[in-house]
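# generate a structure from the sequence data that follows.
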Amino acid sequence: MKKAVLAAVVAAAVIAAALVPSGPAVQAATGSAARSAPRGFGSALSSVEQLSWQTNASVNAVAVAGDLVFAGGLFTRVRPPGKARGVGDVARKYFVVLNRTTGVPTRFAPSVNGPVWSIAASPDGRRVVIGGDFTVVDGVPRSRVAMFDVATGKLVAGWDPVVNYRVAALKVTAGTVYLGGSFGAVDKVARERLAAVALSTGALLPWDPGANDDVHALEVSTDGARVFVGGGFTTIGGRDQHALAMLNARTGAVLAMPAAAAIPPLSEECDSRVKDLEVQGDKVFASNAGTNSMQCYDGVLAADSTTGKLLWQSKCLGATEAIVAIGNWLYKGSHAHDCSADGEFPDKTGMHHLLVYSTITGKLGPWFPNTDAGGTTLVGPLAFASGGNDLWAGGDFTAVNGKPQEGLTRFTDVPGGAAPARPAAPKVASARPNKVTIAFETVLDRDNLTLTYLLYRGNTRIGSWSRTSNSWTRPTVTSVTDSGLTSGQTLSYRVEVSDGRNVSRSAAATVKVR
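Numbering: from 1, shown residues only. This next block holds a predicted model:
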């Protein structure tokens, strides 16, 4: 991986030199100001949060279908953005449906009598399935799983599998609903933590691989032939396999998944579980959360979705609960605190709850919004969903980018992005006749790594530089010499920083030419 840590460099140049190249960016040119220009951000999304209603407790699951967003969790009420608990709130117990464009709750408001832990929409967007701990929905018995008609907001009559314990993972295909969780039976038939039912009728299907510990995540390959399973199991389908497995979608047979070997085996020192899965084209991504040790594996890996071969792996520490792929970017929600194993930020640089990686290389990319962490898990983001040009994040947080926002937030590709921080006034001096030396430091931008720095003498632009910076290293200092000046002049210098759309300007610094 290219280093995210850029050494503090002092680059000397004569103003006549037009452009001084910077050191390598964390994620090559895709994070540059030139590429982000007309939008102002370097990845698929802006780091500026958009308005959305919020909740009064954790959001555990999110899904998108058409113009609707479905969120489930431990909450009982929702309220407008910016409002404190109890102000302007309305009842939405464990499940809420919002307008994807406005972030406002819709009239689709089912009554659910227990926490929702998983949500999945059918490929055509006509059905949405919820799973959790509930036993009654809209006054009708529904045992831990229920299906709604998206157009009407009504329960699908007669679709009523009876699951005997929590459904924590769901995946819906054109004909099948795959279930994962902590259960041991479906319709009174033994099914150890994995099962499949018909999308049309809810009838239990023969698919029965079985796992010896909880299943937290399910995904299906693009061609529908393979099911990916993530959790805390050590055996699945009668075979030894820890945390990550690939199964035949029709028979449940265990298929080779070499990438699973990248996850450390279960031990007293480390219990690393796959908490989320994402399939995009010919790749499958898995995110892990480790317990029992601060050094247990918490990272993200990418594998070939046909062969199961490992493509790349990030070994950041800090449990990764949620991932979603948008374009060439994999967004992750975690409480990452130490990515030094990847050559990125070290420990004690704060919690980085929201990050992005290149889906191609696994390198850290240019997107650094943040949340806090609260509730019962103290993690922050717990669930992601996207409609292709947005990211809905649910979790136990109470603030986003330093502003109050509880449980649910969203980011989009609306042009703008975060502006670069205001640069400090340049340091100027004239120690030699007819010359002035000017030095300026790099600044940070939440959704760009590489910025353009413009130096002005008065209103005349005299130089342009591209520089890469991040929050966990000292600023890069650029030093230049302005020559051929008239002795005795008093000159003013300032710096402008641009991400291709937004510009931040420093105060001016004056100096008398020797």
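# residue contacts, the closest residue to G362 other than its chain neighbours?
Spatial nearest neighbour of G362, chain neighbours left out: W312 (3.4 Å); criterion: C-beta to C-beta, 6 or more residues apart in numbering. Glycine gets a C-beta too; all of them are placed from N, C-alpha and C. When contacts are counted by C-beta atoms under 8 Å, 6 or more residues apart in numbering, W312 touches L301, A302, T361, G362.
# any regions of this structure where pLDDT drops low?
Within the chain, the stretches with pLDDT under 70 are 1-37.
# hmm, back to that, select from the contacts of W312 the one having the most neighbours.
Within the contacts of W312, neighbour counts (other C-beta atoms under 10 Å) peak at A302, which reaches 26 neighbours.
# gap between K188 and V162?
Distance, K188 to V162, using C-beta to C-beta, to the nearest Å: 7 Å.
# ok, now C270?
C270 sits 36 Å away from V162 when distances are taken as C-beta to C-beta.
# just the ones in strands from the contacts of W312, please.
The strands in this structure, assigned by DSSP state E, contain L301, A302 from the contacts of W312.
# and of the contacts of W312, the nearest to D149?
Set against D149, the nearest of the contacts of W312 by C-beta to C-beta is A302 (35.7 Å).
# which residues touch that closest one?
Neighbour list for A302: K283, V284, F285, L310, L311, W312, Q313, L330, T359, G362 [criterion: C-beta under 8 Å, 6+ apart].
# let's see which of these end up in strands.
Among the contacts of A302, the members found in strands (DSSP E) are K283, V284, F285, L310, L311, W312, Q313, L330.
# okay, K188 and V162: which has more neighbours?
Neighbour tally, K188 and V162, criterion other C-beta under 10 Å: the higher count belongs to V162, 17 against 8.
# spatially, which residue comes closest to that one, not counting chain neighbours?
Once its chain neighbours are removed from consideration, V162 has its nearest residue in S143; the separation is 4.3 Å (C-beta to C-beta, 6+ apart).
# SS state for the one you found?
Local secondary structure at S143 is given as coil here, using DSSP: H, G, I helix; E, B strand; the rest coil.
# now it: how far from D160?
Counting by C-beta to C-beta, the gap from S143 to D160 is 8 Å.
# again with Y456
Taken as C-beta to C-beta, the span from Y456 to D160 is 70 Å.
# where along the stretch 301-450 of the chain do the strands fall?
When secondary structure is read from DSSP state E, counting those that start in this stretch, the stretch 301-450 of the chain shows strands at 310-314, 320-326, 329-336, 352-358, 381-385, 390-395, 399-400, 403-404, 408-412, 427-429, 436-441, 450-457.
# how about those, which one is nearest S47?
Proximity to S47, assessed across those by C-beta to C-beta, is greatest for strand 408-412 (6.9 Å).
# about what we covered before: reformat the contacts of A302 as TSV; add distance to V136.
Output for these, formatted as TSV (distance: C-beta to C-beta, whole Å):
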residue	distance to V136
K283	40
V284	36
F285	36
L310	44
L311	44
W312	45
Q313	43
L330	38
T359	41
G362	44
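# what's near enough to touch the closest residue to D133 other than its chain neighbours?
Nearest in space to D133, with sequence neighbours left out and distances taken as C-beta to C-beta, 6+ apart, is G114 at 4.1 Å. Going by C-beta under 8 Å, 6+ apart, G114 touches Y94, G132, D133, F134, T135.
# of the residues you listed, closest to A439?
Distances from the contacts of G114 to A439 were compared by C-beta to C-beta; the smallest belongs to Y94, at 56.9 Å.
# dump the residue contacts of R107.
Contact criterion C-beta under 8 Å, 6+ apart gives G153 as the residues in contact with R107.
# please work out which residues outside stretch 427-444 touch it.
Here stretch 427-444 makes contact (C-beta under 8 Å, 6+ apart) with 10, 420-424, 426, 451, 453, 455, 467-471, 475-487, 491, 493, 495, 497, 504, 506, 509-514.
# how near is D447 to S272?
In terms of C-beta to C-beta, D447 sits 30 Å off from S272.
# make that A91, sorry
With the distance defined as C-beta to C-beta, A91 ends up 38 Å from S272.
# same thing with G42?
Between G42 and S272 the computed distance is 31 Å (C-beta to C-beta).
# more neighbours: which of D447 and S272?
For D447 versus S272, the count of surrounding residues by other C-beta under 10 Å is larger for D447: 28 against 25.
# these two touch, right, the more buried one and N370?
No: between D447 and N370 there is no contact under C-beta atoms under 8 Å: 11.9 Å.
# neighbours around the closest residue to L155 other than its chain neighbours, how many?
In space, and not counting its chain neighbours, L155 is closest to D138: 5.5 Å by C-beta to C-beta, 6+ apart. Using other C-beta under 10 Å, the number of residues around D138 comes to 15.
# D138 contacts V156, correct?
No: counting by C-beta under 8 Å, no contact exists between D138 and V156, whose distance comes to 11.2 Å.
# need the helices for this protein, in chain order.
With DSSP state H as the definition, the chain shows helices at residue ranges 33-36.
# wait, what's in contact with L451?
When the contact criterion is C-beta under 8 Å, 6+ apart, the partners of L451 are A33, P420, T442, V443, D445, S466, R467, T468, S469, V497, S498, D499.
# again, only this time at 7 Å
Remark: with contacts taken as C-beta atoms under 7 Å, 6 or more residues apart in numbering, L451 is in contact with A33, P420, D445, R467, V497, S498, D499.
# just the buried ones from the contacts of G114, in PyMOL syntax?
The buried subset of those, as determined by 16 or more other C-beta atoms under 10 Å, is captured in PyMOL by this line:
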select buried, resi 94+132+133+134
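# and which of the contacts of G114 is nearest to L170?
The shortest approach to L170 among these belongs to G132, at 10.0 Å (C-beta to C-beta).
# the closest one pairs with what?
V116 (DSSP bridges).
# contact partners for it?
G132 makes contact with G72, G114, P115, V116, W117, S118, R144, R166, V167, according to C-beta under 7 Å, 6+ apart.
# out of these, who's the most crowded?
The residue in the contacts of G132 with the most neighbours, by other C-beta under 10 Å, is V167 (30 neighbours).
# quick check: beta-bridge partners of that residue?
V167 has the following beta-bridge partners by DSSP bridges: G181.
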